[in-house]
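this one's sequence-less:
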Ligand code: FO1
């Protein structure tokens, strides 16, 4: 079975871990492809940093820092301290020594003209991660946030500065994908959508992760027209985010932080949107009729991705819903 997952950072990575575990236990050929958000990416100290790709790579490789949710396990920060001493990079954005190894390798290949998707292939080939990761574009498309700063008024900053430096405390007025108009889907992205047996919209931030992937020209249309069933997993449980800042992002675009509101935001494929099916958590069972009324088949199942067993169970629910909506 070919399963293609649209994914951001930790939520997407945990879902992919569950899917990999589920399919590994099932005889037969399986292919997992993750189309990953690159809007969080940034040039830091002259290096190209790609947080969501790295979070997924490190977690699937088993070398991630499970506490912080980003970077490498067993990390040290000697170089980062030196960069701060030299006044280079973002002092509030810690690049660990091991993590820097990936950023230096990636940047050296980029400087040789090797596109990001090939850099990802080179980096991930170091470990048997059991999935193919593809950046949604090879081009630099960065999410910038327009904020209304009580001190300095309206200004724009890179998503990382809004999220890491300011913990999304500055009211976001708008999110801009810089460079998106000239971007194209990376090699393999459109085929991964059209050739899939199932497409999953992962439990990632609907605005700055999934939204950023969908903003790349032609990707949303590929999802609308794929023969595969398209099912999504709500990143909102009981009216709250599981982690991160999706609530601040949803508010900024006028969408309620609720499992049904996000499904309606993505829309049903029957009416020109993206979804055939949608999973909400058991606590949100009363929202199922709202989602169904919008033309999306909905189910209430446990969504918490606590460990390999619950993650595999959620992946199984997503594939089961896909089988149902396919009929
Ligand atoms: N998040 C933080 O809260 N503080 C950091 O210092 C930080 C550094 C960092 C370095 C590399 C990387 O790939 C991710 C890093 N992150 C950090 C997490 C990052 O903001 C998130 O992974 C996503 O971009 C937002 O979900």
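Received the coordinates, thanks. Remember, it's a predicted structure, so these values are computed and weren't measured experimentally. Residues are numbered from 1 along each chain as shown.

near the ligand, which residues of the stretch 151-300 of the chain are found?
Residues of the stretch 151-300 of the chain lying close to the ligand (C-beta under 6 Å from any ligand atom) are 160, 163-164, 244. The way it works is simple: take the backbone N, C-alpha and C, and place the C-beta from them, glycine included.

between those residues, which sits nearest the ligand?
Using C-beta to the nearest ligand atom, residue 164 comes nearest to the ligand of these, at 4.3 Å.

for residue 124, see how far away the closest one is.
Noted for residue 164: a distance of 25 Å to residue 124, by C-beta to C-beta, to the nearest Å.

hang on, the earlier thing: out of the residues of the stretch 151-300 of the chain next to the ligand, which is most surrounded?
The most crowded member of these, judged by other C-beta atoms under 10 Å, is residue 163 (23 neighbours).

so what does the nearest residue in space to residue 326 that is not next to it in sequence have for phi and psi?
Nearest non-adjacent residue to residue 326, counting by C-beta to C-beta, 6 or more residues apart in numbering: residue 229, 4.5 Å away. Main-chain torsions, residue 229, degrees, to the nearest 10: phi -70, psi 140.

same question, residue 135
Residue torsions, per degrees, to the nearest 10, at residue 135 are phi -70, psi 140.

isn't it right up against residue 38?
Yes - the pair residue 135 and residue 38 passes the contact test of C-beta atoms under 8 Å, sitting 4.7 Å apart.

returning to that earlier point: report pLDDT for the residue nearest to residue 326.
If you check residue 229, the pLDDT there is 98.

show me what contacts it?
In this structure, residue 229 makes contact with 198-199, 276-277, 321-323, 325-326, judged by C-beta atoms under 8 Å, 6 or more residues apart in numbering.

ok, of the residues of the stretch 151-300 of the chain next to the ligand, which one's closest to residue 221?
residue 244 (27.4 Å; C-beta to C-beta).

anything in contact with each of residue 135 and residue 38?
When contacts are counted by C-beta under 8 Å, 6+ apart, residue 135 and residue 38 are jointly contacted by 50, 53, 116.

and which of these is nearest to the ligand?
Set against the ligand, the nearest of the shared contacts of residue 135 and residue 38 by C-beta to the nearest ligand atom is residue 50 (6.9 Å).

next one: phi and psi at the closest one?
Torsion angles, degrees, to the nearest 10, at residue 50: phi -130, psi 80.

could you check the pLDDT of the closest residue to it other than its chain neighbours?
Leaving aside its chain neighbours, residue 50 sits nearest to residue 41 (4.7 Å; criterion: C-beta to C-beta, 6+ apart). Predicted confidence (pLDDT) for residue 41: 98.

repeat that for the one 4 residues further on.
Note for residue 45: predicted pLDDT of 98.

please report how far it lies from the ligand.
Applying C-beta to the nearest ligand atom, to the nearest Å, the value for residue 45 to the ligand is 11 Å.

ditto for residue 325
Counting by C-beta to the nearest ligand atom, the gap from residue 325 to the ligand is 29 Å.
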